[in-house]
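S.K.: Take this sequence and fold it.
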Amino acid sequence: MSRVKSLVFLQDFSRLKASLPDALRSGLPAKGYFWAGLFLLAALIAQQSSGWQWTMLTGLQGDKTYKLATGFGLLAFVLHQWRFSVQRAQGEKRNAATMMSYHKLFGALLPLAFLSHSQILGYGYLEILSLTLLLAFLSGLFNFQIGQIHTPWYRPVWISAHVGLSMALLLLMAYHVYINYAFK
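M.R.: Numbering: from 1, shown residues only. Alright, predicted model coming up:
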């Protein structure tokens, strides 16, 4: 590499390194989380539709310790998402934009957290639990800012659906934990 090219490369790298913390602090661009979440959802739907399973992950998911760890990880993930709502309800308006960016970014990664715990939707109440999780994810992904629907009724309906599904998710997760440990 010539000296001029290496100097330009180093300068570009230095600029990227200097701007990276600012970019991470502000989260993804407004619709970046949307496209990331939509891609992960499409990949999950394709995986579910084809019945394909990752062999190494299937082996890991057969281990009770791994299932327990990823289950608690998924629960921690969902509770972390609730942190934003709780802080906002307590009047925390100072960091609302930053918290919302993190809420959207982490929410967009939910299919990865789900896949790490289970490669199938399950049967019976587990299917309801999985679908509730994905509907809460989908309602968050297609929020009123992305849809840019400015009718006065849409935002309250959307927030009621998103929070309602998230509350149902917590109840179903608690039931899942109870069932798994009460009968084993």
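S.K.: okay, and for the chain, where does confidence drop off?
M.R.: Low-confidence regions of the chain, defined here as pLDDT under 70, cover residues 1-30, 184.
S.K.: What residues of the longest helix belonging to the chain count as buried?
M.R.: Here the longest helix in the chain is taken by residue count, with DSSP state H as the criterion, and it is helix 154-182. Neighbour-count burial for helix 154-182, counted by 16 or more other C-beta atoms under 10 Å, picks out Trp158, His162, Leu165, Ser166, Ala168, Leu169, Leu172, Met173, His176. Just so you know, the C-beta spots here come from the backbone N, C-alpha and C atoms, and that holds for glycine as well.
S.K.: Could you dump those into CSV with distance to Phe144 added?
M.R.: Shown next, in CSV, are the buried residues of helix 154-182 (distance: C-beta to C-beta, whole Å):
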residue, distance to Phe144
Trp158, 5
His162, 10
Leu165, 15
Ser166, 16
Ala168, 20
Leu169, 20
Leu172, 25
Met173, 26
His176, 30
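S.K.: what about the closest residue to Met173 other than its chain neighbours, how many neighbours?
M.R.: On the basis of C-beta to C-beta, 6 or more residues apart in numbering, the spatially nearest residue to Met173 that is not a chain neighbour turns out to be Leu75, at 6.0 Å. Here the number of neighbours of Leu75 (other C-beta atoms under 10 Å) works out to 17.
S.K.: Find the helix or strand that the residue nearest to Gln61 when sequence neighbours are not counted is a member of.
M.R.: In space, and not counting its chain neighbours, Gln61 is closest to Lys67: 6.1 Å by C-beta to C-beta, 6+ apart. Lys67 belongs to helix 64-89 when assigned by DSSP states H and E.
S.K.: Past that helix, which element shows up next along the chain?
M.R.: Past helix 64-89, heading to the C-terminal end, the next element that is a helix or strand (DSSP H and E) is helix 96-108.
S.K.: any idea of the angle that next one forms with helix 64-89?
M.R.: Using axes from the mean of the first three to the mean of the last three C-alpha atoms, to 10 degrees, one finds that helix 96-108 and helix 64-89 are set 150 degrees apart in direction.
S.K.: helices and strands around helix 96-108, which ones?
M.R.: Counting contacts by 3 or more C-beta pairs under 8 Å, 6 or more residues apart in numbering; DSSP states H and E, helix 96-108 packs against helix 3-26, helix 32-50, helix 64-89, helix 125-141.
S.K.: tally of neighbours for the residue nearest to Gly107 when sequence neighbours are not counted?
M.R.: Beyond its immediate neighbours in the sequence, the residue positioned closest to Gly107 (C-beta to C-beta, 6+ apart) is Gly140, lying 4.8 Å away. With neighbours defined by other C-beta under 10 Å, the count for Gly140 comes to 24.
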